[in-house]
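J.: Fold the following.
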Amino acid sequence: MIRLLSHFGLYGGSSSSDKQTLSGNIQGVATGTDARIERTAAPSVGIFLLVWFGQVVSLVGSGLTGFALGVWTYQRTGSATQLSLIAICTRLPGLIVSPIAGALVDRWDRRLVMIFSDVGSGISILSMALALIGGHLYLWHICLALSVNSIISAFQWPAYTAATTLLIPKRHFGRASGLVNTAEALSQLISPVLGGVLVIAIGIHGVFLIDFASFIFSVATLTAVKIPSPERSQPISEKPSLLRESAYGWSYLTSRPGLLGLLVFFALTNFFSGFSTVLTTPLVLSFASASVLGAVLSFGGIGFLAGSVLMSAWGGPGAKISGVFVFQILCGFCFILAGYKPSAALIGAGAFLFFFFRPIVGGCSQAIWQSKIAPDVQGRVFAVRRMVAWSTLPLSYVVAGPLADYVFNPLLRPGGALASSAGRLIGVGPGRGIGLLFVLIGAFTLLMVGAGYLNPRLRLLEKELPDAVADAPSI
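T.: Numbers count the residues shown, from 1 in each chain. All right, here's what the predicted structure looks like:
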C-alpha cells in the first residue's frame, strides 16, 4: 500500500488543512466553456485504493460466475446461439438505460449508488444459486438475472469513474485508469483458471455463492469510506426533468467537437476490436489445437495485465492525445502481425502486444475525459460515452462471422478470387480469409488514426478545451 501511495506522490503526513474540499465558480457548462472545479486539498488516494481493492475482489467473483455459467449452459444445451443470447443480455440492457442511469448518478450520492449496485448484483447472483440448488435454474432465469446485472452496471460504472475523479489528483488520472484496467486483467487471468478448479471442487452453485460473498466484501469496503459529492459547476434555478438531464450528456458532447471526435474515434476502435473477439478462435483453430488457442489467449491476458501495470506506474505521456494516436497505431500493426501468417507465435505475439498497448490507449483517453468534464456532470456524460462507444461492439459481433464465412474465407480458398494475389502474401487455405480480414482491420486502424490526427479539433483537444478539474496542491 505504501508503495502504491508513493507512486501517486501522496504518502506522508497530513494536517487539518489537508481535508478534501471542492469549489467551483465559473459559469457556462451548457454553453461550451468548461467550469473549473478548484481543489484546495489533496484528494483521498487511500480511499480510492480501498474502493479499488473491493472492486478487484468483486470482478474476480463475477469472472468466476461468467465462466461457470458458460460451462453450465453449453454442457446442457450444446448451443452456441444460447451462449450468444447470454452475451447479449450482459451488454444490451445496460446500454439502453445508460443515459437515464447517468442522470440519476449525478443526482445521487455516488458511494450509495455503488453500494446499492453491488447489493443488487449480489441478490441476482444469489437467486441463481438458490434456483440451481432447488433444481429450477433455466435459461430465462439466467437471462433475467444477467439483464438485471447489466442494468445495474449502467449505474455502477459511471458512479465508480466519477468518484475516481474526486479521489485522484488530475496528474495521476492515467495511473488510476491503469489500476482499474489491472483489476480487469487480474479477473481475466484468475477467473478461468480458478473457475475450472472450483466448478469441479464445489460445483457451480458454490461458485455463485463465492461471487455473492465477493459483493459483500465490496459493499464492506464502500461502507468504510466516504466519497465527497462535487459542488455544482453552475447554479441551477430550477430542478430539470430527468428526461432533460438524460439528454444533457449528449448535448454536452456535441457542443465540444474535440470530445465528440474522441468518442467517435473509440466507437470505431471498439468496432474493429470486436472482430478480433469473435474471430481469434476460428483463426487459431484453422491450423492449431485448442491448447494452442488457450496459450494464445493467455498471452493476451498477460499482455493486458503488463500494460495495465505499466500504465498505473507510468501514467502515460504528458500529451495524452498523442498517447492515444501513437499506441493505437501500434495496435493496428498488431492486427496485421496476427493475420499475416498461420503461425501461433505471430498470433500470440500480436495478442500480447495488442492487449499490452490497449490499457495505455484507454488510460490516456480516460485521463482526458476526467480532466475536461466537470465532476458534477460526469455521470451523465460518461453514461452517454459508454453507450455510444460500446454500441459498435454488438454490431461487429453480428458482422464478423458472416464476413469471414461467406466473403473472406471463400476468397482465399484454393482457386479463390484472391488466391493468386493476396494468397501469395498471406497464404491460401483454411482460416486465411480471416487472416486477410485481420490485415485489413489493421490497415483501417492506421487510416482511422491518420484521419483522427488530421482533425484539428481532436488533435488539439487538450490545448483548445480548458480543463474542468484543477490539480490538487502538492504536499
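
J.: So for the residue most central in space within the chain, what's the pLDDT?
T.: Nearest residue to the geometric centre of the chain (CA atoms, centre = their mean): residue 181, 7.6 Å. Looking at residue 181, its pLDDT reads 85.

J.: my guess is it meets residue 361, correct?
T.: No: in this structure residue 181 lies outside contact range of residue 361 using CB atoms under 8 Å: 10.4 Å. Just so you know, the C-beta spots here come from the backbone N, C-alpha and C atoms, and that holds for glycine as well.

J.: Helix, strand, or coil at the most far-flung residue of the chain relative to its centre?
T.: Largest separation from the mean C-alpha position in the chain: residue 415, at 41.9 Å (CA atoms, centre = their mean). What DSSP: H, G, I helix; E, B strand; the rest coil gives for residue 415 is coil.

J.: I'd like the distance between it and residue 429.
T.: Separation of residue 415 from residue 429 (CB to CB, to the nearest Å): 11 Å.

J.: Past the one helix or strand residue 243 maps to, which element shows up next along the chain?
T.: Per DSSP states H and E: residue 243 is located in helix 242-254. Toward the C-terminus, helix 242-254 is succeeded by helix 257-285 as the next helix or strand (DSSP H and E).

J.: and the angle for that next one with helix 242-254?
T.: Interaxial angle of helix 257-285 relative to helix 242-254 (axes from the mean of the first three to the mean of the last three CA atoms, to 10 degrees): 90 degrees.

J.: is it fair to say the residue nearest to the centre of the chain lies in a helix?
T.: Yes: Residue 181: assigned to a helix according to three-state DSSP.

J.: contacting residues around it?
T.: Residue 181 makes contacts with 304, 307, 308, 311, 312, 359, 362, 363, as judged by CB atoms under 8 Å, 6 or more residues apart in numbering.

J.: just to revisit the earlier point, report the rounded mean pLDDT for the helix holding residue 243.
T.: Mean pLDDT, helix 242-254: 84.

J.: swap in stretch 372-384?
T.: On average, stretch 372-384 scores 86.

J.: How far does it sit from its chain's centre?
T.: Chain-centre distance of stretch 372-384: 16 Å, with CA atoms, centre = their mean, to the nearest Å.

J.: got the end-to-end distance for that stretch?
T.: Using CA to CA, to the nearest Å, the end-to-end distance of stretch 372-384 comes out at 15 Å.

J.: Tell me the buried residues in that stretch?
T.: Using 16 or more other CB atoms under 10 Å as the test for burial, stretch 372-384 gives 372-384.

J.: Contacts only, for residue 215.
T.: With CB under 8 Å, 6+ apart, residue 215 has these contacts: 58, 61, 118, 119, 121, 122, 125.

J.: and the last one, that one's in a strand?
T.: No: looking at residue 125 with three-state DSSP, it is helix, so not inside a strand.

J.: My guess is it contacts residue 212. True?
T.: Yes: in this structure, residue 125 is within contact of residue 212 by CB under 8 Å, at 5.1 Å.

J.: Those two: which has the busier surroundings?
T.: Between residue 125 and residue 212, counting by other CB atoms under 10 Å, residue 125 is the more crowded of the two (26 against 20).

J.: re earlier: give me the buried subset of the contacts of residue 181.
T.: Neighbour counting with 16+ other CB under 10 Å marks 304, 307, 308, 311, 312, 359, 362, 363 as buried within the contacts of residue 181.

J.: Next up, identify which helix or strand residue 384 is on.
T.: Residue 384 is part of helix 378-403 when elements are defined by DSSP H and E.

J.: Which neighbouring elements make contact with the helix holding residue 243?
T.: If you count contacts as 3 or more CB pairs under 8 Å, 6 or more residues apart in numbering; DSSP states H and E, helix 242-254 packs onto helix 80-107, helix 257-285, helix 378-403.

J.: Turn these into a markdown table, including distance to residue 49.
T.: As requested, the helices and strands packed on helix 242-254 are exported to a markdown table (distance: least, CB to CB, whole Å):
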| stretch | distance to residue 49 |
| --- | --- |
| helix 80-107 | 22 |
| helix 257-285 | 27 |
| helix 378-403 | 20 |
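
J.: Can you tell me which of these has the worst average pLDDT?
T.: helix 80-107 - the lowest mean pLDDT of the helices and strands packed on helix 242-254, at a mean of 79.

J.: buried residues in that helix?
T.: Buried residues in helix 80-107, counting neighbours by 16+ other CB under 10 Å, are found at 82, 86-91, 93-95, 97-106.

J.: can you list the weak-confidence ranges in the chain?
T.: Where the chain drops to pLDDT under 70, the residues are 1-43, 74-75, 77-84, 231-240, 290, 470-475.

J.: Okay, domains of it per the record?
T.: 44-230, 247-475 (automatic domain parsing).
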